[in-house]
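[1] Below are the sequence and a predicted model; questions follow.
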Amino acid sequence: MRVIHRVIFLVLSFLIFTGSARAQKILIYMDLQQTDHLKAYGVAYWTLDRGVNVEWLLNYRGGSFLMDYHPEIERECRLRGVAYSIVNGNEIAQIYATIEKENMETVLLEKAPAIAVYAPPNKQPWDDAVMLVLNYAEIPFTQLWDEEVMNGELEKYDWLHLHHEDFTGQYGKFYANYRNAPWYINEVRVNEAMARRLGFKKVSEEKKMIARLIKEYVLRGGFLFAMCSATDTIDIALAAENIDIVPEVFDGDPIDPNCQQKLDFTKTFAFQNFKLELNPLVYEFSDIDIPPSYVAPLRGAEADYFTLFEFSAKYDPVPTMLTQDHVNVIKGFMGQTTAFRRSKIKKSVVIMGEVEGTEEVKYIHGNLGKGTFTFLGGHDPEDYTHMIGDPPTNLALHKNSPGYRLILNNILFPAAKKKKLKT
Amino acid sequence: MSRFYKYIFLILIELIVSQYPVDAQRQDAILLNQFRLARQYENLGQIEKAAELYLQLYRQNPNSPVFFEGLKRSYQYLRRYSELVEIIQAQLQRNPSNVRLRAELASVYFRNGQEKLAFETWERILKDFPRQPPVYRLVANTMFANRLYDRGIKVYLRARKMLGDENVFATELARLYTLRQSYRKATREYLRFLGQNPTQLKYVERRLASFPAESQVYHDVISEIKKWTHEHPNTLVFRKLLISYYLCYSNYREALREVIELERLGKLTDSKILSGEELFKFAQNCYKEGAYEFAIQALNQILENYPQFPRIGEARVKLANIYLKQNKLKESLACFETIARDYPETRWALQAYLTIGTIALEYFFDLNRAISNFQQVLKQFPHHDERFEALFKLGDCWVAKNNLDQAEKYYRQALNASVRDPKSQTDIRDRARLKLAELEFYRGNFDKARKYLEKIVSPGGELDKPYVNDALELFLLINNQENPEALRLFALAEQRERERKYAKAEKLLRKIIQKYPSTNLTKQALFRLGKIKELQANYSDAISIYRDLVTSDSLGTLGDLALNRIGQIYEQRFQDFAKAKIAYEEVLIKYPDSLLAEEIRKKIRNLEGR
């Protein structure tokens, strides 16, 4: 009998041992101990792309990722310089227990989203922060432009990013300072050629059509992320359907004298009751942007910060996902559209980041139809004032950028399985 | 009495007449205020109100160009085209020969949707003034303002026919063609302009450089320039443009061919042109861009075909430096020797001696040749700053010859001269101290060596200089060594290595490993042994030694270096990328915090083609 007991004991021990070994997972923590936050998102994406689910542990150690152990994933972490730990069954149980007790939640990411970036094919003298970080994090994306949008190719993608585009057809309102610059002339040339090819007499009309198609894409379930001037110009373009708001220097004919009164704010994503800036010599589209681009910055980089709201992870998982970060006060950064004037934001829009005590709202999110949109003010989270011709930000020097994490949160968000909200 | 009434009448008349200017002045003031108010409304964007005021003013003063312009602007803005047409027509009735107004009228017709009428109006203007260039420009510009680029182009082309001048409006057409993305035609116009204005080469280069960087555009532009170059071989400026465009797109081969032809033609057409100048400029461009092969070809062309070129000395030095950059040491040596011989006591000769000496020492290990060249530096340039470099190198030569006393003589000379010379920099003194410390180290005088090193590594010193790391390393090696005998053997091994007596160095290092297995010097000896095996091109042995080190130094500081060396041997010597990757990955696994981690990640990515 003793022998049998011994055998049973050994067999059970073996099973327990191998069982707990099999229960091992990789935890990619995202708090201040992480060596490369941005590449960590890339590893999560890479893992999803290979059919392995990833759990996003909202608010747990800065929004960590948990996935089943595979030696390839471990190798990839090492290769990319992403810090991780291997956790066993007990530790996993403890993590879940902590999540249950605290303002934390587990979101299952199931599918690597197909990502599209709307950007013109011609090289522009500024850099797109989203493309920079996607390249750095090694997350693949497709670049498309007007022709692809018109051909209905947006349907192939889960997530669409817009950056520094001008959907009003005023070429970014760089007219005053750059109208003779070769890049600007080329920009006009390329846009006019595209408008003609697509059957439009004016660039502004063509861009408005693009804006409408993008809106329809969101209505049907697409995820939209926009930064900088793409945020307000898309709304201006939507509100100005069938109204000429573009001065003569851009399209050869004067604006509609009553254009301001004719704007239809019911058609926009996020903004309302804004006043257009109609002077072509002013580097501003409307009063949505705050502070205005033509006013010298008062605060300076050292004193410019915005705060992320803390949401309930269990009841508001979506904004919680979008605000995952290892800090909640983030350095500010300017852009053609730096932040959004609070009074111009629709009530239905969720404010996720703001400069406390001011009219400046930095980060917003909303639903439209079956899809969602997220707008982030500013051009480059690690370049306070990115000027024309400045070199691109080297993200290897900003591996732990809290600002860039906000962009990457948006990329993973479409991968999340929709969970029934707790009641 | 009648005279009295006559005077009263005259006075009355005078009063009435004198009243008129006062009213007129008051009237002018009212007009001015109204005008100012209208401008204010315009500035504030209240164009409707501005228009009303301008209309009143215009009706009162239809001849005033200022009021007319103001009213015209307002109507334009408000798109009240019918009223705009009326006032322009009214103006034209007063001044029918005003061509600008006629063109503007056509523009208004166009914006009002009356395209046929617009085109007819423009056409009539051109027919009325068939030989007036400004009229063509005016009409084309108004078409351009209405985005009628193609029609604008046709106007200019028509002007050429009518004026009988193929070259007129070249830049205007170039601009329009550029807007229409017809780059070949735009180039043609720029060439036409350049042919008439050869001093405008830079302007045309800039215009062409602003075209999009696409292969079809490049092809179109190049074909057009080549065609013109071929048709006008004696117009050198076309060829210069072709060369500059080739260089823009790094097509050095074609550019060189054209430069050679340019030199040949230049000589034929104008004997005052400096022969060789174009080749030299081309060589400089190529050098800057790293296109060394083409720079070499261009410079050799100068040396062979243009011996009278005034800057031939510079060309030779450039050639020698390029050979050096490309590691073509024999060719570089030959060039520098010629330079030293032909240009004695010049800065070129100085550079030549130093370079020859360094190549002889470091690459060919020809110590006598090295010494003789460094001696020339001291002889010909006794007060030049570069003499310190020669002194250090001479010392290094004598160390390599195993004559430490002679080496010390030169190092000490450097140290004393730098102490005496108030202009000399601290790093010369510190480098001399480091060299002297090394000598004492080889001699086994570790305390003396330490004294020299302390002066370099003390706090407050210039610790950001590159030699400070070497000084720190030696300082720590001496300080942390418990076994002086082992250290002495290690020093001797290093000295033999500098003498390139690798077999002897190996023997000494193996002695340390066998005799003193538990000292911290053992691992250093092992690492050094691996490097010696590499120098002997015995890579398999080197790998084996590094492996032993990794096994024995799992917690130390040399394991990651050793694995990195293994990876490099597999990658660069054996071209075995799979094994190289394994070695590099081992660094990341075993030494995740290694200083080499980032560099090794890049290497792995390169090997994976990422």
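    Sure thing, it's come through. Residues are numbered from 1 along each chain as shown, chains lettered A, B, ... in the order given.

[2] contacting residues around the one residue in the stretch 301-450 of chain B that gets nearest to chain A?
    Distance from chain A to each residue of the stretch 301-450 of chain B (CB to the nearest CB) is smallest for B:Lys325, at 26.3 Å. In this view, the C-beta of every residue, glycine as well, is placed from N, C-alpha and C. Each residue near B:Lys325 by CB atoms under 8 Å, 6 or more residues apart in numbering or on different chains is listed here: B:Tyr292.

[3] and it, how far is that from B:Ala340?
    Distance of B:Lys325 to B:Ala340, given as CB to CB, to the nearest Å: 19 Å.

[4] where does the stretch 451-600 of chain B have low pLDDT?
    In the predicted model of the stretch 451-600 of chain B, residues B:461-462, B:554-555 satisfy pLDDT under 70.

[5] Close to chain A: what parts of it are there?
    Residues of the stretch 451-600 of chain B lying close to chain A (CB under 8 Å from any CB of the partner chain) are B:585, B:588-589, B:592, B:597-598.

[6] Report the buried members of those.
    B:585, B:588, B:597 (16 or more other CB atoms under 10 Å in any protein chain shown).

[7] closest to A:Asp287 among the residues of the stretch 451-600 of chain B next to chain A?
    B:Glu598 (45.9 Å; CB to CB).

[8] just checking, the closest one touches A:Gly81?
    Yes - with contact defined as CB atoms under 8 Å, B:Glu598 counts as touching A:Gly81 (7.1 Å).

[9] Tell me who's in contact with A:Gly378.
    A:Gly378 makes contact with A:227-228, A:332-335, A:337-339, A:362, A:403, according to CB under 8 Å, 6+ apart.

[10] now do 6 Å
    A:Gly378 makes contacts with A:333, A:335, A:338, as judged by CB atoms under 6 Å, 6 or more residues apart in numbering or on different chains.

[11] my read: the second one touches A:His379, true?
    Think A:Gly335. Yes - judged on CB atoms under 6 Å, A:Gly335 makes contact with A:His379 at a distance of 3.3 Å.

[12] Quick check on residue 127: phi, psi?
    Let's take chain A. Main-chain torsions, A:Asp127, degrees, to the nearest 10: phi -110, psi 150.

[13] Likewise for A:Phe223?
    For A:Phe223, the backbone dihedrals are phi -110, psi 130 (criterion: degrees, to the nearest 10).

[14] what bridges to it?
    Beta-bridge pairing for A:Phe223 (DSSP bridges): A:Trp159, A:Thr372.

[15] pretty sure it contacts A:Trp159?
    Yes - using CB under 6 Å, A:Phe223 makes contact with A:Trp159 at a distance of 4.6 Å.

[16] between those two, what contacts are shared?
    Shared contacts of A:Phe223 and A:Trp159, counting by CB under 6 Å, 6+ apart, come down to A:Pro414.

[17] Identify the contacts common to A:Gly335 and A:His379.
    Common neighbours of A:Gly335 and A:His379 (CB under 6 Å, 6+ apart) are A:Cys228.

[18] Out of the buried ones among the residues of the stretch 451-600 of chain B next to chain A, flag the one nearest to chain A.
    When these are compared against chain A (criterion: CB to the nearest CB), the nearest one is B:Leu588, at 4.6 Å.

[19] surely that closest one meets A:Arg78?
    Yes - between B:Leu588 and A:Arg78 there is a contact at 4.6 Å, judged by CB under 6 Å.

[20] burial of B:Gly164, as a residue count?
    8 (other CB atoms under 10 Å in any protein chain shown).

[21] Name the nearest residue to the closest residue to chain B within the stretch 101-250 of chain A, sequence neighbours excluded.
    Residue of the stretch 101-250 of chain A nearest chain B, by CB to the nearest CB: A:Pro182 (3.4 Å). With sequence-adjacent residues excluded and distances taken as CB to CB, 6 or more residues apart in numbering or on different chains, A:Pro182 is closest to B:Ser210, at 3.4 Å.

[22] so where do the strands sit in the stretch 51-200 of chain A?
    Using DSSP state E, counting those that start in this stretch, the strands of the stretch 51-200 of chain A run over A:54-58, A:64-68, A:85-87, A:105-109, A:115-118, A:142-144, A:159-162.
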